[in-house]
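> The sequence and its predicted three-dimensional model are supplied below.
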Amino acid sequence: MVLHYVASKAAVIGITRAMARELGDYGINVNCIAPGFTYSETIIEAVKAGEFGELPDLIVATQCFKRRQQPPDLLGAIVFFASEESDFITGQTLVVDGGSIMH
């Protein structure tokens, strides 16, 4: 079951948008990053244990970049949202997943 996982992702996006509306009058911007299947230490151990079956390979097959996503792949988006260059962006979700999902 992935119901809890999907619901939590939707909640993060909803909270991001609501907070952006509520905090905009104070000059505070609120954004979020939606990472793809990222090979953190926990995920690597789960993959080694076979917990995901063929899912990791299926995910890579759907991406434009045919490699596994690593934690450093998220750094550019994080630094951008933390910088002054994103000061007029709020309520947005930036998908960082190697081109699996496109908007």
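Arrived safely, thanks for sending.

> quick one, helices of this protein?
For the chain, applying DSSP state H gives helices covering 3-23, 41-48, 55-62, 75-82.

> can you redo those helices as TSV with distance to V96, mean pLDDT and mean neighbour count?
Bear in mind the C-beta positions are built from the backbone N, C-alpha and C, glycine included. Putting these into TSV (distance: least, Cβ to Cβ, whole Å; pLDDT from 0 to 100; neighbours: other Cβ atoms under 10 Å) gives the following:
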stretch	distance to V96	mean pLDDT	mean neighbour count
helix 3-23	13	96	12
helix 41-48	15	93	12
helix 55-62	14	94	13
helix 75-82	5	98	13
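
> Of the ones you listed, which is nearest S100?
Closest of the helices of the chain to S100 is helix 55-62, at 4.8 Å (criterion: Cβ to Cβ).

> what's the angle from the closest one to helix 41-48?
Angle, helix 55-62 to helix 41-48, by axes from the mean of the first three to the mean of the last three Cα atoms, to 10 degrees: 100 degrees.
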